[in-house]
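In: Test case, fold it:
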Amino acid sequence: MIVDPEKCTGCGKCVQDCPLDAISIVEKKAVISLELCVNCQACAKVCPQDALTKEAEALAGRVRCDSCPIGCEIAEGKTGACQRFRNERGILVRIVPLHTFADVQEIVGPECEEVIRHPLITGIGAGTTYPDPRPAPYIVQGKVQGVDVVTVVTEAPLSYSGIKVKIDTDKPIGEEGAPLLIKGKKVGHVTTEEYGSKILSIGGANLLTGENGFTVARLIAQIANRERIQLKVKGGSTLEIQVGEAPVIDGELIHKMRVGCGSASMGLFTTFFKEAADEVIVLDAHLTGLFTEHPAGRFVGARYSGIQLRGRKSTPGRYFEEHGSGWGGTNFTDPLDVIAGVRKEITRIGTTVLITETTGEQAAMFRWNGRRFEQIPLTPAAQKAVEVINKTSQPSRVSAIYTGGAGGSARAGVTIYPIKLTQAVHARKACLTIGGAPTFIYPGGGITFAVDVERVKRGAFTWVPTPATVAPIEYTMRLDDYIEMGGHQEAMKPFDVVVKDLKKVIP
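Out: As a prediction, this is how the structure comes out:
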């Protein structure tokens, strides 16, 4: 990288973001170590004065790394920006060798053994023990593969609970952090945006115990039970969502979810794009792709078209865009607006350009006539490329993860030594399930779990005006482990007896 001393103000932003600590400030100017620098251009991307530029020619004696779009030029004995590969006598060597599962098994830790992975009965319909010092409603003993196991179940009121909702769409719904409202009452907020999806956080201890707690508890149960609900993002969209169904945003039914961002599309559909047009642009609110500049295009011999895009360049062929209501979730309502200009010495008259969204729901084709781009019908090859994108895209849908804190006094219904239950759950000696569905146990203290609500029977979640949500919880473990933790042996019932009693109740 080259520093322009006239532009450099010595602000130090390049020093902070250089991945290899190759930059220092000397006499209020950036100085770059040529030995360490790999031309990754991180410094140029953060420099507010445009004082840094890449070397025009590849550095002598360097090896170019093609493991990511950066294309680091690595000196002998040094590593690239990611510090994964080192140049050893002109050959790039992965610093950390390939690992087998045996190499990491101890770090990964144990999983619940098969005999306790599924509960003997579920907590659905079990009822709730209150006050908590009494044994849980059902403590059932049975045999699995010849092993004595115990399942303890209850429908537990959880004041510490919430739900994370994933909405598959590129359509903007509101700013991150924006409150979620029902009839003006705050019930959650918009969190991060993930790969073609928006994530909502609803509930949690603070909202459940706040002034709108009843509304929050009811809403969590409704979403978990896959009921259709309406939400308003403050300053943003109106949402109509139901787990397992396509979302409706501002009255529009969302049909498709992208299979990849604009940049990923370059690699996913390389073969089709090469045949579709002289240039292909995939519009995306995050990373718009420019095929002939992208490594995927170069890999198959595509000739750079000379077309230049608007947006902030990430790496060759990848451009960060602004969110909006236009094509691909960008603010371009006219797809041609993404083109900032052409390099006339490169762009030939007759150059064709296919512009499409990441879902292929909208696409258009243009030809450069030397002065402007004129729209033309999609050629058969372009139409095929768009159809492949559209068919590959997944249906847009809503999903949700219920999260709860299963610690607290409810553990007393399982054992007289609650901390031993917590330890057993984290050691995978006790398997926690929700309505029979597997859970993810958060690391750290307590018993905080997450479960995919679509794996739990509809209607299994309820709420009580404490306020709290109620979830069917099961703990399954070996009998000897249950006895060791001080389980309520006096309340155990044989599985066969419990099933026989159930048949008397359920026709």
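In: pLDDT weak spots in the protein?
Out: For the chain, residues meeting the criterion pLDDT under 70 lie at 130-132, 503-507.
In: Which residue ranges make up each domain of it?
Out: 2-94, 112-160+400-505, 262-395 (automatic domain parsing).
In: can you put those in CSV and add mean neighbour count and distance to Ala178?
Out: Any C-beta I mention is one placed from the backbone N, CA and C, and that applies to glycine too. Putting the domains of the chain into CSV (neighbours: other CB atoms under 10 Å; distance: least, CB to CB, whole Å) gives the following:
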stretch, mean neighbour count, distance to Ala178
domain 2-94, 16, 27
domain 112-160+400-505, 19, 19
domain 262-395, 19, 13
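In: out of those domains, nearest to Asp250?
Out: domain 262-395 (9.1 Å; CB to CB).
In: ok, back up a step: adding distance to Leu180, write the domains of the chain out as CSV.
Out: Shown next, in CSV, are these (distance: least, CB to CB, whole Å):
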stretch, distance to Leu180
domain 2-94, 33
domain 112-160+400-505, 13
domain 262-395, 18
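In: can you tell me which of these comes nearest to Pro247?
Out: domain 262-395 (10.9 Å).
In: follow-up on the earlier one: for Glu240, find the nearest of the domains of the chain.
Out: In terms of CB to CB, the element of the domains of the chain nearest to Glu240 is domain 112-160+400-505, at 14.6 Å.
In: Just give me how far that closest one sits from the chain centre.
Out: Here domain 112-160+400-505 is found 29 Å from its chain centre; the criterion is CA atoms, centre = their mean, to the nearest Å.
In: Ala221: which of the domains of the chain is closest?
Out: Among the domains of the chain, the nearest to Ala221 by CB to CB is domain 112-160+400-505 (4.4 Å).
In: Pick out the residue nearest the middle of this protein.
Out: Glu194 (4.4 Å; CA atoms, centre = their mean).
In: Not counting sequence-adjacent ones, nearest residue to that residue?
Out: In this structure, Glu194 finds its nearest non-sequential neighbour in Lys166, 7.4 Å apart by CB to CB, 6 or more residues apart in numbering.
In: how close does the residue nearest to the centre of the chain sit to Phe269?
Out: 22 Å (CB to CB, to the nearest Å).
In: and of the domains of the chain, who's closest to Leu231?
Out: Counting by CB to CB, and looking across all of the domains of the chain, nearest comes domain 112-160+400-505 at 12.6 Å.
In: List phi and psi for Ala430.
Out: Per-residue torsions, Ala430: phi -120, psi 130 (degrees, to the nearest 10).
In: residues in contact with it?
Out: Ile116, Leu421, Ala424, Tyr475, Thr476, Met477, Asp481 (CB atoms under 8 Å, 6 or more residues apart in numbering).
In: do Ile281 as well
Out: Counted by CB under 8 Å, 6+ apart, Ile281 has contacts 262, 288-291, 307, 309, 335, 338-339, 353-356.
In: Now intersect those residues with the strands, please.
Out: Among the contacts of Ile281, DSSP state E puts Thr288, Gly289, Leu290, Ile307, Leu309, Ile339, Val353, Leu354, Ile355, Thr356 in strands.
In: beta partners for Pro179?
Out: Beta-bridge pairing for Pro179 (DSSP bridges): His189.
In: ok, it to Glu194 distance?
Out: In terms of CB to CB, Pro179 sits 20 Å off from Glu194.
In: Alpha carbons of stretch 275-284, as CSV, please.
Out: The C-alpha coordinates for stretch 275-284 follow below in CSV (Å, rounded to 0.1, in the frame of the first residue of the first chain):
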residue,chain,number,x,y,z
GLU,A,275,-23.7,-17.4,-21.1
ALA,A,276,-26.4,-14.9,-20.1
ALA,A,277,-24.7,-11.6,-21.0
ASP,A,278,-21.4,-9.7,-21.3
GLU,A,279,-22.1,-8.4,-17.8
VAL,A,280,-24.4,-9.6,-15.0
ILE,A,281,-25.3,-7.4,-12.0
VAL,A,282,-27.1,-9.0,-9.0
LEU,A,283,-28.7,-6.3,-6.9
ASP,A,284,-28.7,-6.9,-3.1
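In: and Glu175, what does it touch?
Out: Glu175 makes contact with Val190, Gly235, Gly236 under the criterion CB under 8 Å, 6+ apart.
In: can you tell me which of those residues lies nearest to Gly301?
Out: Checking the contacts of Glu175 one by one against Gly301 (CB to CB), the nearest turns out to be Val190, at 43.2 Å.
In: re earlier: will you turn the contacts of Glu175 into JSON lines that also has distance to Gly12 and neighbour count?
Out: Listed next are the contacts of Glu175 as JSON lines, based on distance: CB to CB, whole Å; neighbours: other CB atoms under 10 Å:
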{"residue": "Val190", "distance to Gly12": "33", "neighbour count": "23"}
{"residue": "Gly235", "distance to Gly12": "35", "neighbour count": "10"}
{"residue": "Gly236", "distance to Gly12": "36", "neighbour count": "17"}
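In: Relative to Ala205, which of these is nearest.
Out: Among the contacts of Glu175, and counting by CB to CB, the member closest to Ala205 is Val190, at 19.2 Å.
In: Contacts only, for the residue lying closest to that closest one once chain neighbours are set aside.
Out: The shortest distance from Val190 to any non-neighbouring residue, by CB to CB, 6+ apart, is to Ala178 (4.7 Å). Shown in contact with Ala178 (CB under 8 Å, 6+ apart): His189, Val190, Val233, Lys234, Gly235, Gly236.
In: Ok, Gly350 next?
Out: Counted by CB under 8 Å, 6+ apart, Gly350 has contacts Arg367, Trp368, Asn369.
In: helix/strand/coil for Glu490?
Out: Of the three states, Glu490 takes helix under DSSP: H, G, I helix; E, B strand; the rest coil.
In: And what about the closest residue to it other than its chain neighbours, helix, strand or coil?
Out: Distances taken as CB to CB, 6+ apart put Pro135 closest to Glu490, at 7.6 Å, once the chain neighbours are dropped. Secondary structure, three-state DSSP: Pro135 is coil.
In: if I look at Pro135, how far off is Leu158?
Out: The separation that Pro135 has from Leu158, given CB to CB, amounts to 19 Å.
In: Ser265: what secondary structure?
Out: Under three-state DSSP, Ser265 falls in the helix class.
In: just Ala385 next, same as before
Out: Three-state call for Ala385 (three-state DSSP): helix.
In: Run a quick check on it versus Phe273, I expect a contact.
Out: Yes - between Ala385 and Phe273 there is a contact under CB atoms under 8 Å: 5.9 Å.
In: so what sits against both of the two?
Out: Here Ala385 and Phe273 have Val280, Leu354 as joint contacts, going by CB under 8 Å, 6+ apart.
In: Phi, psi for Lys232 please.
Out: Dihedral angles (degrees, to the nearest 10) for Lys232: phi -120, psi 130.
In: can you check Asp4 too?
Out: Torsion angles at Asp4 (phi, psi; degrees, to the nearest 10) stand at phi -90, psi 100.
In: nearest spatial neighbour of it, skipping sequence neighbours?
Out: That would be Ala51: by CB to CB, 6+ apart, it lies 4.7 Å from Asp4.
In: What of Ile355?
Out: Nearest one to Ile355, counting by CB to CB, 6+ apart, is Pro335 at 4.2 Å.
In: Quick one: the helices in the protein, in order.
Out: Shown for the chain, the helices assigned by DSSP state H span residues 13-17, 42-46, 101-108, 205-208, 213-224, 262-268, 270-276, 295-299, 380-392, 418-426, 479-484, 495-505.
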